[in-house]
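Peer 1: structure for this input, please:
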Amino acid sequence: MHITLYRKYRPMTFNEVAGETEIVKTLKNSLDTGRLAHAYLFTGPRGVGKTTIARLIAKGVNCLENGISSKPCGECENCKDISEGNFMDLVEIDAASNRGIDEIRQLKEKINYRPSKGRKKIYIIDEVHMLTKEAFNALLKTLEEPPEHALFILATTEPDKILPTIISRCQRYDFTTLSYKEMEEKILYICRMENVEIDEDSIKLIFEGSSGSMRDGTSILEKLMITCYGEKITVEKTEKILGVTPQGKILKFIDLIKSEEEREAIDFIEELSSQASNIELFFKDVAKKAKDLIIKDEIEVTLGLKIIDSIFESLNKFKFEEDKRLVGYVIINSLLNNKQKVMVKEVPVIKEVIKEVPKLVETKATQEENVEENVTIDDVKNMWDSILSESKSKKVTLGAFLITAKPKKIEKGVLYIIFPRENVFAKEQMENDNYHRVFLETVRELTLSNINIVYELEGGSKKNLEKSEKDLAEQIIDFFGGEII
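Peer 2: Reported below is the predicted structural model:
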């Protein structure tokens, strides 16, 4: 019968546990000195060994050969039954599916019965935070005065949901995820035992995919071993099987940024999109790679940090944008055309500008009325493709932001450009002076007019010009790329 790798290589002794050195040392000392608590609380992410160590405690307490010890024999009847999950005095409860007060009451009724084969009856309650408030209160009374022959081990991934009165009655241990070195050592050991070859880059991908969870890491390794049966597990195969971004593509993009190849970088994003790649995941992988390159001193620290900052700032700022290619264009623009911020030193100066805004708006409105209406909306629609092509040739990212834009109408010398409601991001970018100015020049050149442009969302109303002083100040600061100090 096939046994999964995780179960096959689950630690059978404390010495086989990967990581958690201090926790293991303390628990071993507790067993060897006989100074066991009546209740333990194990907290930490999933798959880091909480229930595994709980079972090792059960072995250490109930071993027939060595007595209460941190070195259970593993060969006696009790040790074997615990390893196989057949030990009568080890009760494991999944609180996620047994969370009510009735289940805890049943436990309270049975707890007074003495162990049938072992020294102590061990109760492991997994995901204990899932218990109801009533169940917690019932458990609290049991933890206050437990029988001498009972030992409780509570495990949870969310300790903040457990009542403080429960926590105060337990000896608490906080588990953490494995470091890369700890997981690498364990995976190499498993591969040696299974006679499997694996390269270092594949182990790194396993570590990243598991987030430091040994259980998840072993599951990923087993998937790779099955797919690559009889073959060496290489990074190329691992990338394909796990669906992660190939390292070659990540390094190629970083090289394009280094050499300031804006056109090629845009084409690269388009190519990723045509291959149905996850653009957001790709940029997160680029950020991780930049971090690794900084650590290895294979990239200038300033550039590496700039890549990481631009990626996470843009992904967070435009997280609701559906077309992630547009976010990619912003990241590229930020990395290649980022200018030093203007530091606005005096708030009163901003306030003076704010006072002048109504006058500017009035002047602009007057100018718009004086524009000769010698261009019709049909003229603009007929030359729209030419307008887009010319705009793109002047500034690559303009073409991307205008993909879904359409000319709507012309009124009093103003051309209204409409965007689908879900593309608010593209509209906001076009309102940025860096893009609006180039686009406006292009439209005026091709239409031979002095037309003005307003951007709107489909089904939306005109933007209200009356802003609060605070909002307008922030807009002016953002416009100049500065900040108040």
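
Peer 1: buried ones in stretch 66-85?
Peer 2: By 16 or more other CB atoms under 10 Å, the buried positions in stretch 66-85 come out as 68-72, 76, 78-79, 81-83. The C-beta positions use only the backbone N, C-alpha and C, and glycine is treated the same way.

Peer 1: kindly export the host helix or strand of Val330 (C-alpha atoms) in PDB.
Peer 2: In this assignment (DSSP states H and E), Val330 forms part of helix 324-337. Only the C-alpha atoms of helix 324-337 are listed here, as PDB (Å, rounded to 0.1, in the frame of the first residue of the first chain):
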ATOM      1  CA  LYS A 324      -3.000  44.000 -15.400                       C
ATOM      2  CA  ARG A 325      -1.100  44.900 -18.500                       C
ATOM      3  CA  LEU A 326      -1.900  48.500 -17.800                       C
ATOM      4  CA  VAL A 327      -0.400  48.200 -14.400                       C
ATOM      5  CA  GLY A 328       2.600  46.700 -16.000                       C
ATOM      6  CA  TYR A 329       3.000  49.700 -18.300                       C
ATOM      7  CA  VAL A 330       2.800  52.000 -15.200                       C
ATOM      8  CA  ILE A 331       5.600  49.900 -13.600                       C
ATOM      9  CA  ILE A 332       7.800  50.200 -16.700                       C
ATOM     10  CA  ASN A 333       7.100  53.900 -16.900                       C
ATOM     11  CA  SER A 334       7.900  54.400 -13.200                       C
ATOM     12  CA  LEU A 335      11.200  52.500 -13.500                       C
ATOM     13  CA  LEU A 336      12.400  54.100 -16.700                       C
ATOM     14  CA  ASN A 337      11.000  57.600 -16.500                       C
END
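
Peer 1: which positions in it come out as buried?
Peer 2: Residues of helix 324-337 classed as buried by neighbour count (16+ other CB under 10 Å): 324, 326-335.

Peer 1: now do stretch 105-118
Peer 2: Going by neighbour count (16+ other CB under 10 Å), the buried part of stretch 105-118 is 107, 111, 115, 118.

Peer 1: just name the closest of those residues to Lys392, please.
Peer 2: The nearest member of these to Lys392, counting by CB to CB, is Leu107 at 69.5 Å.

Peer 1: how about residues contacting the host helix or strand of that closest one?
Peer 2: Secondary structure assigned from DSSP H and E places Leu107 in helix 101-110. With CB atoms under 8 Å, 6 or more residues apart in numbering as the test, helix 101-110 has contacts from 91, 93, 123, 131-132, 134-135, 138-139, 141-142.

Peer 1: centre of the chain to that helix, how far?
Peer 2: Centroid displacement of helix 101-110 relative to its chain, using CA atoms, centre = their mean, to the nearest Å, is 39 Å.

Peer 1: on that earlier part again, and the helix holding Val330, what does it pack onto?
Peer 2: helix 247-258, helix 262-274, helix 279-295, helix 301-317, helix 396-401, helix 424-431 (3 or more CB pairs under 8 Å, 6 or more residues apart in numbering; DSSP states H and E).

Peer 1: most tightly surrounded among those helices?
Peer 2: When these are scored by mean count of other CB atoms under 10 Å, the highest mean neighbour count falls to helix 396-401 (a mean of 21).

Peer 1: for the record, mean pLDDT for it?
Peer 2: What helix 396-401 shows for mean pLDDT is 77.

Peer 1: mind listing residues that contact it?
Peer 2: Helix 396-401 is contacted from outside by 262-263, 266, 325-326, 329-330, 332-333, 388-389, 391-392, 426, 429-430, 435, 438-439, using CB under 8 Å, 6+ apart.

Peer 1: how about 10 Å then?
Peer 2: Contact partners of helix 396-401, identified using CB atoms under 10 Å, 6 or more residues apart in numbering, comprise 262-263, 265-267, 269-270, 323, 325-326, 328-330, 332-333, 337, 388-393, 395, 419, 423, 425-430, 432, 434-436, 438-439, 442.

Peer 1: where does the closest residue to Met88 other than its chain neighbours land in three-state SS?
Peer 2: Closest residue to Met88 in three dimensions, ignoring its sequence neighbours and counting by CB to CB, 6 or more residues apart in numbering: Ser116, at 5.2 Å. Here Ser116 is recorded as coil under DSSP: H, G, I helix; E, B strand; the rest coil.

Peer 1: what's the closest non-adjacent residue to Arg10?
Peer 2: Once flanking residues are discounted, Arg10 sits nearest to Thr52: 5.8 Å by CB to CB, 6+ apart.

Peer 1: swap in Pro146?
Peer 2: Closest to Pro146 by CB to CB, 6+ apart is His38, at 5.0 Å.

Peer 1: that neighbour contacts Pro147, correct?
Peer 2: Yes. Between His38 and Pro147 there is a contact at 9.1 Å, judged by CB atoms under 10 Å.

Peer 1: next, show the common contact partners of these two.
Peer 2: With CB under 10 Å, 6+ apart, His38 and Pro147 have common neighbours Lys120.

Peer 1: neighbour-wise, which of these two wins?
Peer 2: Set side by side, His38 and Pro147 show more neighbours around His38, with 17 against 14, by other CB atoms under 10 Å.

Peer 1: measure the more buried one to Ile190 for me?
Peer 2: For His38, the distance to Ile190 (CB to CB, to the nearest Å) stands at 36 Å.

Peer 1: again, but for Leu143
Peer 2: 38 Å.

Peer 1: same question, Glu321
Peer 2: Glu321 sits at a distance of 42 Å from Ile190 (criterion: CB to CB).

Peer 1: how does this structure divide into domains?
Peer 2: Domain assignment for the chain by automatic domain parsing gives 5-174, 180-242, 247-337, 344-484.

Peer 1: show me how far the third one is from its chain's centre.
Peer 2: Chain-centre distance of domain 247-337: 16 Å, with CA atoms, centre = their mean.

Peer 1: now the end-to-end length of it.
Peer 2: 25 Å (CA to CA, to the nearest Å).

Peer 1: average pLDDT for that domain, rounded please.
Peer 2: 88.

Peer 1: 58 is where my numbering starts, stick with that
Peer 2: In the new count, where the first residue is 58, that last one comes out as domain 304-394.

Peer 1: just to revisit the earlier point, tell me which two of the buried residues of stretch 123-142 sit farthest apart.
Peer 2: Spatially, the most separated pair among the buried residues of stretch 123-142 is Ser127 and Asp138, at 19.3 Å (CB to CB).

Peer 1: give me every residue that touches Ile219.
Peer 2: Contacts of Ile219 by CB under 10 Å, 6+ apart are 98, 100, 185-186, 188, 193, 211, 213, 227, 229.

Peer 1: make it 8 Å
Peer 2: Taking CB under 8 Å, 6+ apart as the test, what Ile219 contacts is 98, 185-186, 193, 211, 213.

Peer 1: minimum pLDDT in those residues, which residue is that?
Peer 2: Minimum pLDDT across the contacts of Ile219 falls on Phe193, with 85.

Peer 1: nice, that's everything, thank you.
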